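Student: Pasted the sequence and its predicted model underneath.
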Amino acid sequence: MPLLLLDLDNTLLPRDAAFRAWAEDFLSENGLPAGDLDWLVMLDGSGYVPRSTVLGAAKRRYGFDRSVDSMLAQYRIGINSHIRCPDSHVAALREAREAGWMLGIVSNGGTMPQLEKIRRTGLAALVDGWVISEEARCLKPDPLIFEIAARRCGFRSAGDRGDWKAQTWMVGDYGPADIAGAAATGLRSAWLHHGRPWAERAYRPTVSSPSLPEAVRVILAAGEHPTAGRGFAAATAGRAQRSRGRLAVPASRLAPAPARVSPNVPYGPNTPYGPNAPHAPHAPATAKAPLPPAATPLAVPLTTTVPLAPAEPAPAAAAG
């Protein structure tokens with residue numbers, strides 16, 4: 001059975017839209033200039049800037065007489081109140097499930113905030129398991145976090161019925177975590193470009209897509225049509241045919257790095273990281289999920305490059 005791993009923020013959930021809505025409320029509730037919205041969004045950095053940095057800068061800018069910790073508590077309540085999983089994303093996950101795929105979430109971030117997002121948006125009922133970097137004590141792009149996700153969804157890291165990596169895709173929006181992590185682990189990947197050019201030179205995604213539903217459709221098609229133009233685009237008369245989704249060309253992956261999963265890591269649908277999880281994120285689990293039945297490997301092998309539409313030229317990588 002194939003496995004589809006997905007990032008959480010700005011992949012499954014429109015996190016930046018939620019931050020923008022929170023920032024609008026923040027300015028309005030505190031009587032601050034509405035024109036400062038772009039300043040807050042810029043400082044936020046799509047969530048990759050530490051919250052203490054963002055809120056500390058806001059505290060100094062506006063002269064708030066309150067602690068950053070109290071601002072952080074209010075921020076977490078506020079932004080999560082704006083988090084929604086779009087209907088189109090729910091439909092895409094259900095389509096993958098109906099096609100026989102197992103689903104897992106791999107997220108960098110704090111355990112409780114990310115867990116709250118997973119539960120309040122209904123994602124907990126749609127996936128087989130999840131892993132969050134804080135509780136796992138490892139971050140994307142470390143291959144270990146992807147191995148943990150696979151175990152929690154019911155796969156072993158390797159076994160008599162084949163390597164799970166050959167049956168797994170990773171979908172995400174952030175190259176240095178999602179796509180580099182997939183490449184280092186030996187997985188195929190779909191990058192959600194959100195209108196951005198690809199900027200990394202050391203690695204590239206297998207495919208690029210403008211949205212999660214489009215990425216899922218392409219991945220499912222790879223499994224359903226083994227000889228359809230070698231996966232994603234047919235070559236006719238020596239000319240590559242463009243995909244309707246305007247997918248980027250694949251590129252060479254980083255050499256897969258060996259990784260092991262600790263046998264003590266809980267996983268499976270009834271653990272704290274599956275759809276039937278209790279509220280406590282660290283509840284112990286001892287039962288191991290069985291190895292799933294052997295699955296037919298996906299159509300496009302990991303070593304195959306797929307002739308898709310050319311990507312935009314990548315700018316030089318920034319120093320540091």
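Tutor: Received, thanks.
Student: For residue 49, the count of nearby residues, please.
Tutor: By other Cβ atoms under 10 Å, the residues close to residue 49 number 13. Every C-beta, even on glycine, is put in place using the N, C-alpha and C of the backbone.
Student: where does the stretch 201-320 of the chain have low pLDDT?
Tutor: 223-320 (pLDDT under 70).
Student: in the stretch 1-150 of the chain, which spans are helices?
Tutor: Ranges of helices within the stretch 1-150 of the chain are 15-29, 37-44, 51-62, 68-80, 87-98, 111-120, 133-136, 143-152, based on DSSP state H, counting those that start in this stretch.
Student: any idea of the mean pLDDT for the fifth one?
Tutor: Put plainly, it is helix 87-98. Per-residue pLDDT over helix 87-98 has a mean of 97.
Student: circling back: output the helices of the stretch 1-150 of the chain in a markdown table; the columns should cover distance to residue 174 and mean neighbour count.
Tutor: Converted to a markdown table, the helices of the stretch 1-150 of the chain look like this (distance: least, Cβ to Cβ, whole Å; neighbours: other Cβ atoms under 10 Å):
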| stretch | distance to residue 174 | mean neighbour count |
| --- | --- | --- |
| helix 15-29 | 11 | 18 |
| helix 37-44 | 14 | 15 |
| helix 51-62 | 17 | 16 |
| helix 68-80 | 18 | 15 |
| helix 87-98 | 17 | 16 |
| helix 111-120 | 14 | 19 |
| helix 133-136 | 13 | 20 |
| helix 143-152 | 14 | 27 |
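Student: To residue 170, which of these lies closest?
Tutor: helix 143-152 (6.9 Å; Cβ to Cβ).
Student: Return the closest one as CSV; C-alpha atoms alone will do.
Tutor: Provided in CSV are the C-alpha atoms of helix 143-152 (Å, rounded to 0.1, in the frame of the first residue of the first chain):
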residue,chain,number,x,y,z
PRO,A,143,15.4,11.4,7.4
LEU,A,144,14.6,10.1,10.8
ILE,A,145,11.4,12.1,11.1
PHE,A,146,10.1,10.6,7.8
GLU,A,147,10.9,7.1,9.1
ILE,A,148,9.0,7.8,12.3
ALA,A,149,6.0,9.0,10.2
ALA,A,150,6.1,5.8,8.1
ARG,A,151,6.1,3.6,11.3
ARG,A,152,3.2,5.5,12.8
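Student: For residue 23, which non-adjacent residue is closest in space?
Tutor: Excluding its sequence neighbours, the residue lying closest to residue 23 (Cβ to Cβ, 6 or more residues apart in numbering) is residue 40, at 4.3 Å.
Student: where does the stretch 51-200 of the chain dip in pLDDT?
Tutor: Using pLDDT under 70, the flagged stretches of the stretch 51-200 of the chain are 156-162.
Student: burial count for the closest residue in space to residue 12 that isn't next to it in sequence?
Tutor: Nearest-residue entry for residue 12: residue 6, 5.4 Å, with adjacent residues in sequence omitted and distances by Cβ to Cβ, 6+ apart. Residue 6 has 29 neighbours, counted by other Cβ under 10 Å.
Student: give me the beta-bridge partners of residue 6?
Tutor: Taking DSSP bridges as the rule, residue 6 bridges to residue 105, residue 171.
Student: Which residues are in contact with it?
Tutor: Contact partners of residue 6, counting by Cβ atoms under 8 Å, 6 or more residues apart in numbering, are 12, 103, 104, 105, 106, 127, 170, 171, 172, 212.
Student: What pLDDT is listed against it?
Tutor: What the model reports as pLDDT for residue 6 is 98.
Student: Neighbours of residue 124, how many?
Tutor: By other Cβ under 10 Å, the residues close to residue 124 number 19.
Student: could you list every residue that touches the residue nearest to residue 23?
Tutor: 23, 26, 27, 54, 58 are the contacts of residue 40 under Cβ under 8 Å, 6+ apart.
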